[in-house]
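> Got a predicted structure here, sequence first:
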Amino acid sequence: MTNESNLERHFFNDPSSWLQSFWKFSRPHTVIGTTLSVFALYFIAIALNPLPLNVNTIVPLITAWLACFNGNIYIVGLNQLQDVSIDQINKPSLPVASGEFSYRQGQWIVGTTGVLALIIAWFSNPWLLFTIGVSLIIGTAYSLPPIRLKRFPFFAALCIFTVRGVIVNLGLFLHFRESLTQEQIIPPAIWALTVFILVFTIAIAIFKDVPDLEGDKKYNITTFTLLLGKSAIFNITRGIISVCYLGVILASFLWLPDVNPIFVGMTHGGLLLVLWWRSQKVDLDNKTLIAEFYQFIWKLFYLEYLLFPVACFLA
């Protein structure tokens with residue numbers, strides 16, 4: 001049997017391997033989602049108030065991305081440090097669970113990224129500091145004992161959709177809006193995007209535990225999956241995402257002057273059909289297929305942050 005200490009990676013001995021482990025430690029699907037949300041909200045702000053791209057208008061984007069990138073790693077890293085035993089069952093390839101990073105290394109990364117996120121936000125804009133500060137507080141309460149809100153399925157889901165759905169969208173948009181135009185007004189398009197992401201994140205929050213059923217059951221982590229069963233969670237998730245797509249299509253025709261309704265209708269209608277076609281292939285007794293569907297949901301989430309800015313530019 002391989003000794004875990006032999007797997008431990010150090011940056012100065014093998015920087016390439018260390019960076020690969022660091023990328024896994026950052027939970028790439030969350031980093032991609034965070035990055036897309038930062039860029040999408042920036043370009044929506046530009047679409048609603050056309051400005052030339054220069055150093056002064058790009059700096060708010062760079063500082064927001066750096067702060068959010070570090071904050072994202074702090075949150076997901078802290079969760080891995082608290083869940084080593086559970087991850088050895090559910091996600092054994094994660095660096096701390098597999099031994100690629102020692103617990104001490106993980107602590108240094110989490111501490112450093114958390115401090116960097118706050119420092120960057122502090123020197124940038126009050127709204128960015130608000131976004132990062134509240135996100136880190138909620139992320140800490142989610143994972144760290146004695147609060148450890150992830151023990152309770154309702155509060156675990158509340159943490160996720162509060163940060164990704166409300167705090168990130170409204171906080172980052174206000175950061176860009178104030179930095180670029182000195183205004184603090186939230187237009188209807190941003191409220192619509194926030195509601196869409198908020199509801200969509202509920203689907204992600206409740207479905208994320210379906211692939212982890214085995215480990216959560218062993219360590220008495222109560223989740224909606226354990227309470228309601230995989231089939232019910234699967235159908236609820238599919239229904240929530242469907243409501244998101246139908247809702248934003250309806251809103252674009254009736255209440256959103258800052259988006260192109262034809263573009264929204266065609267793209268979101270198409271994605272709704274793809275969702276139902278893709279869901280027919282999921283075998284709930286196959287952990288791999290469940291995990292693939294979970295990643296598919298994240299891809300739909302990413303797409304919204306690509307499509308919505310385009311809809312604003314085409315309005």
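Here it is on my side, so go on.
> What does the pLDDT read for residue 181?
According to the prediction, residue 181 has pLDDT 91.
> neighbours around it, how many?
13 (other CB atoms under 10 Å). (C-beta placed from N, C-alpha, C; glycine too.)
> Compute the distance between residue 301 and residue 271, please.
The gap separating residue 301 from residue 271 is 11 Å, by CB to CB, to the nearest Å.
> again, but for residue 295
From residue 295 over to residue 271 the distance is 15 Å, taken as CB to CB.
> now the helices for the stretch 101-250 of the chain?
Here the stretch 101-250 of the chain has its helices, by DSSP state H, counting those that start in this stretch, at 103-122, 126-143, 153-161, 168-181, 188-207, 213-218, 224-228, 230-254.
> Go through these and name the closest to residue 48.
Ranking these by their distance to residue 48 (criterion: CB to CB) puts helix 188-207 first, at 7.1 Å.
> mind checking how far the closest one is from the chain centre?
With CA atoms, centre = their mean, to the nearest Å as the basis, helix 188-207 stands 11 Å off its chain's centre.
> hmm, back to that, so residue 295 and residue 271 - more neighbours on which side?
residue 271 (17 against 10).
> List the buried residues of the host helix or strand of that one.
Element membership for residue 271 (DSSP states H and E) is helix 261-279. By neighbour count on 16 or more other CB atoms under 10 Å, the buried set for helix 261-279 is 261, 263-265, 267-268, 271-272, 275, 278-279.
> what's the answer for stretch 117-124, then?
117-118, 120-121, 124.
> Can I get those residues in TSV including pLDDT?
As requested, the buried residues of stretch 117-124 are exported to TSV (pLDDT from 0 to 100):
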residue	pLDDT
117	98
118	98
120	98
121	97
124	95
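> will you turn those residues into CSV that also has distance to residue 207?
Output for the buried residues of stretch 117-124, formatted as CSV (distance: CB to CB, whole Å):
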residue, distance to residue 207
117, 27
118, 31
120, 32
121, 30
124, 34
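> Nearest to residue 10 among these?
Nearest to residue 10 among the buried residues of stretch 117-124: residue 117, at 24.2 Å, using CB to CB.
> so what does the next helix or strand after the helix holding residue 271 touch, helix or strand wise?
Going down the chain from helix 261-279, the next helix or strand is helix 287-313, by DSSP H and E. Secondary-structure packing of helix 287-313 (3 or more CB pairs under 8 Å, 6 or more residues apart in numbering; DSSP states H and E): helix 28-48, helix 188-207, helix 230-254, helix 261-279.
> In CSV, list those helices along with mean pLDDT.
Shown next, in CSV, are these (pLDDT from 0 to 100):
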stretch, mean pLDDT
helix 28-48, 93
helix 188-207, 91
helix 230-254, 94
helix 261-279, 96
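> So which of the ones you listed is nearest residue 7?
helix 28-48 (20.0 Å).
> roughly how far out does the closest one sit from the chain middle?
Relative to its chain's centre, helix 28-48 lies at 11 Å (CA atoms, centre = their mean).
> neighbouring contacts of it?
If you take CB atoms under 8 Å, 6 or more residues apart in numbering as the criterion, helix 28-48 is touched by 53, 57, 60-61, 64-65, 68-69, 72-73, 76, 164, 168-169, 172-173, 176-177, 180-181, 187, 189-190, 193, 197, 258, 295, 298, 301-302, 305-306, 308-309, 312-313, 315.
> From these, keep the buried residues only.
57, 60-61, 64-65, 68-69, 72-73, 76, 164, 168-169, 172-173, 176-177, 180, 187, 189-190, 193, 197, 258, 301-302, 305, 308-309, 312-313, 315.
> Could you list the domains of this structure?
Listed by the TED database, the domain ranges of the chain are 17-184, 187-314.
> shaky segments in the stretch 1-150 of the chain?
1-6 (pLDDT under 70).
> at 80 what do you get?
Regions of the stretch 1-150 of the chain meeting the criterion pLDDT under 80 cover residues 1-7.
> Compare the helices and strands packed on helix 287-313 and report which one is nearest to residue 131.
Between the helices and strands packed on helix 287-313, helix 28-48 lies closest to residue 131; by CB to CB that is 10.1 Å.
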